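[1] sequence first, predicted coordinates after that:
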Amino acid sequence: MTIGNLIRLLVLAVLIALLMRPDLFAGFFALFAKPGQPVIYNQGNLLAITISHLLIVAIAVLGSTMVAVGLGILVTRPAGAEFLPLSRAIANIGQTFPPVAVLALAVPVLGFGTGPTLVALFLYGLLPVFENTLTGFTNLPPRVMEAARGAGMTGRQRLLQVELPLALPVILAGIRISTVIALATATIGSTVAARTLGEVIIAGLLTGNTAFVLQGGLIVGALAVLIYDALSGLERLLMARQGRGVAR
Amino acid sequence: MTDVTNLRDRPAWLTLDKLGVLIALIAVAGLALPFALLKANRIVPGEARGILDGLPGGPGFLFLALLIACILAALLRVPNLVKLGASATALLALFLLIGVAASNLMPPENNYARVSPSSGFWLLVFANSLMLADVLTRLRLGPWIRIGILLGVCVVVTLLLWSGSWNDLSILQEYATRSRAFWQEARTHILLTFGSVAAAILVGIPMGVLCYRRKALRAAVLNVLNIVQTIPSIALFGLLIAPMAWIAATIPGASAIGISGIGTAPALVALFAYSLLPVVSNTVVGLLGVSAAAVDAARGMGMTRRQRMLGVELPLAFPVILTGIRIVLVQNIGLATIAALIGGGGFGVFVFQGIGQTAMDLVLLGAVPTVALAFAAAVVLDAVVEMIS
């Protein structure tokens, strides 16, 4: 086992232990709480909040991936070519919008709760995936495309059997960026009453209880790093496969 | 085949523009939805008002005619310059007339009533912005012209603000009651953003050079910075509270210069930490991309390693480094909003106050300047990167 995998496993084990049996860590967190303050978050079950957080992120990212990849495929077909320049511009300009602003602006339309957070995550998540889908589909090796056309593949066959598999690592990189942004924005979503780990951090900030802030921060941080790491690993795997395929 | 001949007989501009159909649909929805909202006070839901309610008589009909003309220009394949003119005029009219409509809709001598732009207005702005963005992308304007357009927009917005024609809009009424706090937070926001980016440039470029020279160091440093960048901002802000409070309590003089667990100091540190990765990795990538021939030539001229780095390699890598700085600047303008949650100030103060009071105009007072700042920074730096590369 490499050192990297050992660290990954250790972080994951500590994270699961912290979520299942937070009382085991009371001694550590007591160092940061003022006397008389609760040491472990007591306004909800940490595991339940974490699951809710991950669920919101998963639904939003899944939704934005399907829509963004679909749109990306549409505008890179000959029939959608007219939309391509504007699509690029939107993906570029849209990402200058701070995710917090998107979240805050979703509230007047949708009210408080999980709804606006989900919509904000979905909308913002579209951009990185869309941008990377465009990059993936417009930077395909011309010789491979030529060969596919020469082999008599139809447009649909080329898309599903050649273009999509070749563009997949780049698209996956977009999904990874989206996921990390979604994890962070979901945390802020608790300010608009979404049930996410942000509530632990914010409860700590409001009552001056550093132990809460630390718990929330450590869980969110560890989750983000582990998920990012897993998705990067998947990307490397896909790249390696393609590398072999080309060498043959 | 008859279809094709028919198409050939028609003039080129009389065919439908596919993108235009989408834009026209959005604009028609915008015309159908309420243009403005009249609220009895700042937190209750408002009543819908149409364009003709806000602009009775001739001006209203003229405005409607302009918007419809703009939809036609979007639908047909007219020259790009016509589309540019139509969408720019429509946008200008929209922003000018929303203020006039607000003044007209405002009940006299009522300090509590608020008029805010509604979904119809925003959709019309969105549709026309799409059209303008499409034309501007197709025209492939040079960097100077883009900066010029940005300056022009700034001048128009300043004039509109200065002339007082927007004073009856709800967002400016929120501003009027807290103009001092607004500029105070604006200063903090700028300080947080530019302070952290400046620090990241000062530390990140030497760090990048070091990583470029020592390959063993490169992977380790970039991995650590990558992990830092992955941690959600509010978590990082929170995680810094304990160490910063410890520094303030143990190192003499630290709290005297403003270091404490919450406030501007941890916000600045967190933003700095986020900025390092793009600066360092772009410095490394930029230096790796410098052609070996250029370095060889410099060596042949008898330049020392230091001279080569400062005189040849860094200048050649600069466009890539600047792209990293652009990413960081835009990212930090947005992230600085979150500093408000740990008492760090900035425009986020209004965003989170507004969310807390369910006063959406207050949220806009924080969000609009943040978005505008991020957008302007992106346009300017993109243009500069293009100029020097």
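    Perfect, I can see it now.
[2] and the closest residue to A:P141 other than its chain neighbours, what pLDDT?
    The shortest distance from A:P141 to any non-neighbouring residue, by Cβ to Cβ, 6 or more residues apart in numbering or on different chains, is to A:L166 (7.5 Å). All C-beta spots, glycine's among them, are computed from the backbone N, C-alpha and C. You'll see A:L166 listed with a pLDDT of 89.
[3] and the one 4 residues further on, by the same measure?
    According to the model's per-residue confidence, A:V170 sits at a pLDDT of 91.
[4] mind listing what the nearest residue to it once chain neighbours are set aside touches?
    In space, and not counting its chain neighbours, A:V170 is closest to A:G136: 3.7 Å by Cβ to Cβ, 6+ apart. By Cβ atoms under 8 Å, 6 or more residues apart in numbering or on different chains, the contact list for A:G136 reads A:G72, A:L166, A:A167, A:L168, A:P169, A:V170, A:I171.
[5] what's the answer for A:A106, then?
    Per Cβ under 8 Å, 6+ apart, neighbours of A:A106: A:P116, A:T117, A:V119, A:A120, A:L123.
[6] how about whichever residue of chain B sits closest to chain A, what does it touch?
    Going by Cβ to the nearest Cβ, chain A is nearest to B:G334 of chain B, at 2.7 Å. Contacts for B:G334 (Cβ under 8 Å, 6+ apart) come out as A:T96, A:F97, A:P98, A:P99, A:V100, A:A101, B:T370, B:A374.
[7] how many neighbours does the third one have?
    A:P98: 28 surrounding residues under other Cβ atoms under 10 Å in any protein chain shown.
[8] right, and the helix or strand after the helix or strand bottoming out on mean pLDDT in chain A?
    Within chain A, no helix or strand scores below helix A:99-110, which has a mean of 80 by mean pLDDT, DSSP states H and E. The helix or strand immediately downstream of helix A:99-110 is helix A:114-138, counting by DSSP states H and E.
[9] okay, angle between that next one and helix A:99-110 too, please.
    Counting by axes from the mean of the first three to the mean of the last three Cα atoms, to 10 degrees, helix A:114-138 lies at 130 degrees to helix A:99-110.
[10] so which bits of helix A:114-138 are buried?
    A:114-137 (16 or more other Cβ atoms under 10 Å in any protein chain shown).
[11] do the same with stretch B:312-324
    B:V312, B:E313, B:L314, B:L316, B:A317, B:F318, B:P319, B:V320, B:I321, B:L322, B:T323, B:G324.
[12] can you check stretch B:95-114 too?
    If you call a residue buried by 16+ other Cβ under 10 Å, then stretch B:95-114 has these buried ones: B:95-102, B:104-106, B:113-114.
[13] so B:L335: helix, strand or coil?
    Assigned state for B:L335: helix (three-state reduction, DSSP: H, G, I helix; E, B strand; the rest coil).
[14] could you do A:V39 as well?
    Three-state assignment for A:V39 (three-state DSSP): coil.
[15] so how many other residues sit close to it?
    The number of residues packed near A:V39 is 20, by other Cβ under 10 Å.
[16] please name the residues that touch the residue nearest to A:P141.
    A:G136, A:L140, A:P141, A:V144, A:Q242.
[17] any chance of those in TSV, with secondary structure and pLDDT too?
    As requested, these are exported to TSV (DSSP: H, G, I helix; E, B strand; the rest coil; pLDDT from 0 to 100):
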residue	secondary structure	pLDDT
A:G136	helix	91
A:L140	coil	87
A:P141	coil	86
A:V144	helix	87
A:Q242	helix	77
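[18] for chain B, which spans come out with low pLDDT?
    Residue ranges of chain B with pLDDT under 70: B:1-14, B:258-261.
[19] quick one, domains of it?
    The record's domain split for chain B, according to automatic domain parsing, is B:2-140, B:179-388.
[20] tell me which of those domains sits most buried.
    Comparing the domains of chain B by mean neighbour count (mean count of other Cβ atoms under 10 Å in any protein chain shown), domain B:179-388 ranks first with a mean of 19.
[21] who are the neighbours in contact with A:V39?
    A:V39 neighbours (Cβ under 8 Å, 6+ apart): A:A26, A:F29, A:A30, A:A33, A:A211.
[22] so is B:L38 in a helix, a strand, or just coil?
    Recorded secondary structure, B:L38: strand (three-state DSSP).
[23] touching, it and B:G50? I think so.
    No - contact status for B:L38 versus B:G50: not in contact, 11.3 Å apart, counting by Cβ atoms under 8 Å.
[24] next one: stretch B:238-255 to chain centre, how far?
    33 Å (Cα atoms, centre = their mean, to the nearest Å).
[25] got the residues of the stretch 51-200 of chain B near chain A?
    With the criterion set to Cβ under 8 Å from any Cβ of the partner chain, the stretch 51-200 of chain B comes near chain A through B:S119, B:L130, B:A133, B:D134, B:L136, B:T137, B:R138.
[26] just the CA trace of the helix or strand hosting B:G356, in PDB.
    Here B:G356 sits within helix B:348-357, counting by DSSP H and E. Taking C-alpha atoms only, helix B:348-357 is exported to PDB below (Å, rounded to 0.1, in the frame of the first residue of the first chain):
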ATOM      1  CA  GLY B 348     -21.100  39.900   1.800                       C
ATOM      2  CA  VAL B 349     -22.300  41.900   4.800                       C
ATOM      3  CA  PHE B 350     -25.300  43.100   2.800                       C
ATOM      4  CA  VAL B 351     -25.900  39.800   1.200                       C
ATOM      5  CA  PHE B 352     -26.200  37.900   4.500                       C
ATOM      6  CA  GLN B 353     -28.000  40.800   6.300                       C
ATOM      7  CA  GLY B 354     -30.500  40.800   3.400                       C
ATOM      8  CA  ILE B 355     -30.900  37.000   3.600                       C
ATOM      9  CA  GLY B 356     -31.500  37.300   7.400                       C
ATOM     10  CA  GLN B 357     -34.100  40.100   7.000                       C
END
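[27] tell me the helices and strands packed up against that helix.
    In terms of contacts (3 or more Cβ pairs under 8 Å, 6 or more residues apart in numbering or on different chains; DSSP states H and E), helix B:348-357 is packed against helix A:99-110, helix B:179-213, helix B:360-388.
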